[in-house]
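Visitor: predicted model and sequence follow; I will ask about them next.
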Amino acid sequence: MQRREFLRQLTAAAGGGQSGRNVAAGGRRPKPNIIVIVADDLGYADVGFQGLRDFETPNLDRLAASGVRFTNGYVSHPYCSPSRAGILTGRYQQRFGHEHNPPYAPHDERIGTPTDEVFLSETLRQAGYRTAAVGKWHLGDAPKFLPHNRGFDEFFGFSGGGFNYYGVSRRGAAAEFIMRNGEPVRPEEISYLTDDFTREAVNFVRRNRERPFFLYLAYNAPHSPDQAPQHYLDRVWNIEYGQRSVYAAMVTAMDDGVGRILSVLDELGLRQDTQVWFLSDNGGRRDVADNRPLRGHKGWHFEGGIRVPFVVSWPGKLAGGRTYDHPVIALDIFPTAAAAAGASTAKSRPLDGVNLLPYLEGSNRSAPHEALFWREIGGQGFAVRCGSMKLVKPAATDRIHLFDLEKDPREARDLAGERPAVVRELKELYARWNARNTAPLWTDEHAENVRKERQAVMDARRRALPLQKQK
Ligand code: CA
């Protein structure tokens, strides 16, 4: 069989396409506002619109109901920093060596998203947008890497990968701080970070109601540390086990924040003409998040690490209340937003993402991507999805797995032995994609952590066996 036909059959087998109505007529404003809201380590099943059971997210549900929910929506990496590099560049971050979380290094000018990469903020600012980043950055700590030097007119947040929600630095007050455009903010500006980020986001929208704006709102919720004020804890009092109640309170605070942003858009009459994205930067945390029915969690290339709650809402342009089932990836946000804004993108930095508008409007019914790819630790681990078939090579083991996600969304039945031709084809696709990547510019402890975690699982299984079999 020819490769093209082989791939066509795999892609067709995904049974994708959209359900529900098609497009409304064009929006009223020539340039819609763009808002990208990123949650941190949120579980696949920890939003009401994906089956949340023990607490509620009414505002995220309202957002999803007004837009298109991606049932096969992926991020380009199973943990924080590389995933964000993909979102903001529209390119697989392995193209430019951003394959690991950066160590906190405020004086190291080598560790951060390379400055010759073009961020969505730069592209939209050139198209006349006012731009702001609020929240967690995690794309480099040295000044040249910070948002206000990367196309954002304004930045309120912190540069690293996590922060105490009450504004207290883990590394001592002088080392790391909540900042506004690089300068420490006054202590009275910090109450609870999730609420503070919402306040800043709402103020930015109010100040820019008369011109097109781009807001990148990256909550660090519900990433650790587990901290929430009493009034949020009181709303999830029914959850009595472990730390999940605190996690639920943190998600509740974020959901309230999304609600406040939607409300201010409604109040200012901007809702129809604002493209709002919501997604998690990676799969849910292992300890307290709920990724069911997906396998694994943050850090893995199984679905629980990379398939996330993912929604776009643009009521003036895209009919809401729908799902879209073909695989999409967070890299698609960049070209979709740029197309909506009429912004031109840099030819020197070819985007891996696809403009989804023709697909979401229904004028193109094929799959946006022939295949999607993931890679970690310079290729020790990787994954490929083509149609409903997915190949996974975990970094922690030497095994190759093959799954049919259509029939087996939990990745429980390994088909690698039964379907060697598909394994070969997907490995070949990966090799061709990988030929355009570069080596990681820095490394982190992630590979070792994955290996330890894998060993802990195997040890636990061994302990569960009857004594005489423990050899
Ligand atoms: Ca994360």
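Guide: Structure's in. What do you need? Numbering: from 1, shown residues only.

Visitor: nearest residue to G305 other than its sequence neighbours?
Guide: Leaving aside its chain neighbours, G305 sits nearest to P78 (3.5 Å; criterion: CB to CB, 6 or more residues apart in numbering). Yep, even glycine has a C-beta here, placed from its N, CA and C like the rest.

Visitor: cool, R349 as well?
Guide: The shortest distance from R349 to any non-neighbouring residue, by CB to CB, 6+ apart, is to V118 (5.1 Å).

Visitor: tell me the contacts of that neighbour?
Guide: Taking CB atoms under 8 Å, 6 or more residues apart in numbering, we find V118 in contact with T89, T345, A346, R349.

Visitor: now it. Its backbone dihedrals?
Guide: Dihedral angles of V118 (phi, psi; degrees, to the nearest 10) stand at phi -100, psi 120.

Visitor: same check, this time on E183
Guide: Dihedral pair for E183: phi -100, psi 140, per degrees, to the nearest 10.

Visitor: again with the one 5 residues further on
Guide: Here is the backbone geometry of E188 (degrees, to the nearest 10): phi -70, psi -10.

Visitor: can you check the one 3 residues further on too?
Guide: When read as degrees, to the nearest 10, the backbone of S191 gives phi -120, psi -70.

Visitor: kindly report the same for F334.
Guide: phi -60, psi -60.

Visitor: would you mind measuring from it to E122?
Guide: To E122, F334 is 11 Å away according to CB to CB, to the nearest Å.

Visitor: can you check G86 too?
Guide: G86 is 16 Å from E122, where distance means CB to CB.

Visitor: show me where the stretch 251-400 of the chain has helices.
Guide: Assigned by DSSP state H, counting those that start in this stretch, the stretch 251-400 of the chain shows helices spanning 303-306, 333-341, 357-361.

Visitor: tell me how many other residues crowd the closest residue in space to G320 that isn't next to it in sequence.
Guide: Spatial nearest neighbour of G320, chain neighbours left out: S66 (4.4 Å); criterion: CB to CB, 6+ apart. S66 has 18 neighbours, counted by other CB atoms under 10 Å.

Visitor: per-residue confidence for S66?
Guide: For S66, the pLDDT comes out at 98.

Visitor: repeat for R171
Guide: Per-residue confidence (pLDDT) for R171: 62.

Visitor: E303 contacts G284, doesn't it?
Guide: No: here E303 lies out of contact with G284, judged by CB atoms under 8 Å, at a distance of 11.3 Å.

Visitor: any common contacting residues for these two?
Guide: Y44, N291.

Visitor: state the distance from the residue nearest to R349 to the ion.
Guide: Separation of V118 from the ion (CB to the ion, to the nearest Å): 23 Å.

Visitor: how about the stretch 351-471 of the chain: which residue is closest to the ion?
Guide: Residue of the stretch 351-471 of the chain nearest the ion, by CB to the ion: H446 (12.1 Å).

Visitor: just send the contacts of V118 back as a markdown table, with distance to A421, pLDDT and neighbour count too.
Guide: A markdown table is the format used below for the contacts of V118 (distance: CB to CB, whole Å; pLDDT from 0 to 100; neighbours: other CB atoms under 10 Å):
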| residue | distance to A421 | pLDDT | neighbour count |
| --- | --- | --- | --- |
| T89 | 34 | 98 | 28 |
| T345 | 37 | 91 | 19 |
| A346 | 39 | 86 | 14 |
| R349 | 35 | 93 | 15 |
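
Visitor: how about stretch 267-280 as PDB, C-alpha atoms only?
Guide: Only the C-alpha atoms of stretch 267-280 are listed here, as PDB (Å, rounded to 0.1, in the frame of the first residue of the first chain):
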ATOM      1  CA  GLU A 267     -20.700  44.100  30.300                       C
ATOM      2  CA  LEU A 268     -18.500  45.900  27.800                       C
ATOM      3  CA  GLY A 269     -20.300  44.400  24.800                       C
ATOM      4  CA  LEU A 270     -17.100  42.600  23.700                       C
ATOM      5  CA  ARG A 271     -18.100  39.000  24.100                       C
ATOM      6  CA  GLN A 272     -19.200  38.400  20.400                       C
ATOM      7  CA  ASP A 273     -15.900  39.800  19.100                       C
ATOM      8  CA  THR A 274     -13.500  38.100  21.500                       C
ATOM      9  CA  GLN A 275     -11.900  34.700  20.700                       C
ATOM     10  CA  VAL A 276     -11.400  33.000  24.100                       C
ATOM     11  CA  TRP A 277      -9.300  29.900  24.400                       C
ATOM     12  CA  PHE A 278      -9.100  27.700  27.500                       C
ATOM     13  CA  LEU A 279      -6.800  24.800  28.000                       C
ATOM     14  CA  SER A 280      -4.500  23.100  30.600                       C
END
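
Visitor: tell me the mean pLDDT for that stretch?
Guide: The predicted model assigns stretch 267-280 a mean pLDDT of 98.
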